[in-house]
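> With the sequence up front, the predicted model follows.
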Number of protein chains: 2
Amino acid sequence: MANALSLPASGLQLRSLIRKNRELEVSLVTVDVPPPAPNEVVVRVEASPINPSDIGLMFGPADMSRARQTGTSDRPRIQADVPPAAMATIAGRLEQSLPVGNEGAGLVVAAGSSEAAQRLLGKTVALVGGAMYAQYRTAQAGDCLVLPDGTPAADGASAFINPLTALGMVETMRREGHTALVHTAAASNLGQMLNRICLQDDIGLVNIVRSAAQEEMLRAQGARYVCNSAAPNFKDDLTQGLAATGATLAFDAIGGGTLAGQILTCMEAAINRKPGPYSRYGSTVHKQVYLYGSLDPRPTEFSRAFGMAYGIGGWLVFPFLDKIGQADTQRLKSRVAAELKTTFASHYAGEISLFEALDLNRIAVYNKRATGEKYLISPLTALTSPGKDR
Amino acid sequence: MANALSLPASGLQLRSLIRKNRELEVSLVTVDVPPPAPNEVVVRVEASPINPSDIGLMFGPADMSRARQTGTSDRPRIQADVPPAAMATIAGRLEQSLPVGNEGAGLVVAAGSSEAAQRLLGKTVALVGGAMYAQYRTAQAGDCLVLPDGTPAADGASAFINPLTALGMVETMRREGHTALVHTAAASNLGQMLNRICLQDDIGLVNIVRSAAQEEMLRAQGARYVCNSAAPNFKDDLTQGLAATGATLAFDAIGGGTLAGQILTCMEAAINRKPGPYSRYGSTVHKQVYLYGSLDPRPTEFSRAFGMAYGIGGWLVFPFLDKIGQADTQRLKSRVAAELKTTFASHYAGEISLFEALDLNRIAVYNKRATGEKYLISPLTALTSPGKDR
């Protein structure tokens, strides 16, 4: 334990930089680890998931199909070019070397003098807030979620974003007057969580997946309505699920293409199965799709064939939590802590080191953002580790 | 006056019917004019505008470029075919012969026994609620807006939809926490009204038009920010106007294509001109576009290059008035009545009879839905009238 609890002078941190000349550079830098201030702790990061939002920051809009491996084996570097048309969208980050990694978990190896910080020494904690793709991360004591004794860091690495996102969706549904949900890319870790929440809370959920295998997996987990968008009868299936559940709110991780509009069209068709007078403006039932992801980077396209009572908008978990306030956020966090090994368990396709995170072959795999194929970064893993599959 | 105040046994009414065999038929039918119930009046319709929403009900999604003129000169009929793909959007109206014409004005020629109805006899009133493309229209006395003595019916024909829509946009802006507006197809009658309201109420308004002539016309009416979407520097102009006004809410009559997304992109660019920390999720300022029309019937397409704090939705004036309630609606209506000849004046490209409304050459003109080229139907005009230009 003496070793584990010693404070190193410095550690590696992953950085993403886009220069004005349109060049992306992702690299590992050595950063100092200063002694913690009274209310701070230093966490030795042991596990941090690669979420789509992390990939978005790490690679930006660069063309990764033509990325170049540069640097050395102990200081690998990835370079790639950002298409000219995409530069306007990232004007705010140019020439800034940005740390990456939204969340993770690890051991508190140093603590400031305050009681709150000292209490965390030697505990495994989960954290959110960026810069987690690093060997060490300084944090406010109050921002740490203490994991139950004996919980491996990997089990707490995704304790914030996916669990709070899934709970935030259900909370949004209630606050906006809907009674059931639609979710796309529903076989994802997040989708499986949402399915478990909805089963537990008896909420109607229509799961949209992209393959028969994903459909089977969700059904085996008790999902009642699962629609495969690759199947020829998708629209009928979806309309049937919408009519059965009464869902008028969807959370869409895909973003691009025509899926969001198809969902609205099928919602309207399900609503219009009930008899009523004709209005060329469509039903008066408000139908909403929130785009919370962008797995398909193409433009979003919809045909407005679903009346006038609809909305399409962006949705992000942290602004949502800001809106509902601290007390309600704490209620959601407490549920996550209590059900971390059940409802909010995550599954990973594999673990990779910081060095492997900058390996072109590894990038080709984790950058596919394949549903259910999430990777963990283990910043402690040494250069020579072959990476382990879970 | 004796003649004017006599109740006829029947009158002509324009009807639109789409059959299951995909055939649209628009025709004139003779309908009985029953004596009014105690609280009812019978209005001899003298003027009713052709709004885009009327055209939408009259022709539905039929292919009017291949419409056929049938029937006789005193009972003209238009037939056209609905493309198979569009049939699902109109399932609710099939095989129903629907009256058309949202609003209009005319003389009360018969009144029920109640005091409220009797008071209206001989008055010129404005009405909304459908079936106005007819020689006679029975209405509840309470639904009539009495025009000041001596007001021609044509001046009150558009007293509801455009005025309340323009006021509803400003009201929506205030209720949703925005401080300035963007409007597209801004050279329309509605756009000119909105410009007058915003000048009067000192509200920032960015007008988007589609030609230099429209730009000049609005500038001559005092508009400060006018952007021509056909000009090469459109995006810069728009961003400049958005930055100057702080507008984060747009009402878009176009609907199809990329304009709504362009507005959101330029709003985000205007917001990001103020310095602040970089977030790959974009600014946290909510940007909203309401699509209230569909002048471009193509799908709506947007690239999501404006962060995550945005919404795109449908907006309709009558559901909005239902939402704000009777007292606030009455406040808006009173303003319309008080400013009917100034702020809320409408201009028409011409007047046509019910017979001419079913003439293919006339349809080709009014169905262009050209901005600022609005037509009035005068149901009293006899068959032989050549139609008059105003």
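Arrived safely, thanks for sending.
> ok, A:Lys235 to chain B distance?
From A:Lys235 over to chain B the distance is 10 Å, taken as C-beta to the nearest C-beta, to the nearest Å. Quick note: C-beta positions are derived from backbone N, CA and C, even for glycine.
> ok, now which ones touch that residue?
A:Gln262, A:Thr265, A:Cys266 (C-beta atoms under 8 Å, 6 or more residues apart in numbering or on different chains).
> Switch those over to CSV; also include distance to A:Ser353 and secondary structure.
Shown next, in CSV, are those (distance: C-beta to C-beta, whole Å; DSSP: H, G, I helix; E, B strand; the rest coil):
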residue, distance to A:Ser353, secondary structure
A:Gln262, 41, helix
A:Thr265, 46, helix
A:Cys266, 44, helix
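> pLDDT (mean, whole number) over stretch A:23-34?
Averaged across stretch A:23-34, pLDDT comes to 96.
> Okay, and A:Met58 sits in which element?
Here A:Met58, judged by DSSP states H and E, is contained in helix A:52-59.
> contact partners of that helix?
A:14, A:16, A:24, A:26, A:80, A:98, A:100-102, A:133, A:161, A:253, A:293-295, A:366-367, A:369, B:280.
> Which of those residues fall in strands?
A:Leu14, A:Ser16, A:Leu24, A:Val26, A:Ala80, A:Leu98 (DSSP state E).
> What residues of stretch A:280-291 count as buried?
For stretch A:280-291, burial by neighbour count (16 or more other C-beta atoms under 10 Å in any protein chain shown) applies to A:Arg280, A:Tyr281, A:Gly282, A:Ser283, A:Val285, A:His286, A:Lys287, A:Gln288, A:Val289, A:Tyr290, A:Leu291.
> any idea how far the fifth one lies from chain B?
When you say that, I think you mean A:Val285. For A:Val285, the distance to chain B - C-beta to the nearest C-beta - is 11 Å.
> What is the three-state secondary structure of that residue?
coil (DSSP: H, G, I helix; E, B strand; the rest coil).
> Listing request: residues of chain A with sub-threshold pLDDT.
Across chain A, the ranges flagged by pLDDT under 70 are A:1-5, A:369-372, A:383-390.
> Quick one: the helices in it, in order.
A:52-59, A:115-118, A:153-156, A:161-175, A:189-201, A:212-220, A:234-245, A:259-271, A:317-324, A:326-338, A:354-357, A:360-366 (DSSP state H).
> out of these, nearest to B:Met308?
helix A:317-324 (7.6 Å; C-beta to C-beta).
> for the residue most central in space within chain A, what are its contacts?
The centre of chain A sits closest to A:Asn51, judged by C-alpha atoms, centre = their mean, with a distance of 4.5 Å. Shown in contact with A:Asn51 (C-beta under 8 Å, 6+ apart): A:Asn102, A:Glu103, A:Ser158, A:Ile161, A:Asn162, A:Lys374.
> same thing with A:Thr265?
A:Lys235, A:Ser303, A:Ala305, A:Phe306.
> just A:Pro319 next, same as before
Here A:Pro319 is in contact with B:Thr284, B:Met308, B:Ala309 (C-beta under 8 Å, 6+ apart).
> quick one: it and B:Gln240, what's the gap?
28 Å (C-beta to C-beta, to the nearest Å).
> What residues does the stretch 151-300 of chain A have near chain B?
Within reach of chain B by C-beta under 8 Å from any C-beta of the partner chain, the stretch 151-300 of chain A has these residues: A:255-256, A:261, A:269, A:272, A:276, A:278-281, A:284, A:291-292, A:294, A:299-300.
> hmm, which two among the residues you listed are most spread apart?
A:Tyr278 and A:Ser294 (37.1 Å).
> more crowded one of the two?
It is A:Ser294, of A:Tyr278 and A:Ser294, that has more neighbours when counted by other C-beta atoms under 10 Å in any protein chain shown, with 20 against 15.
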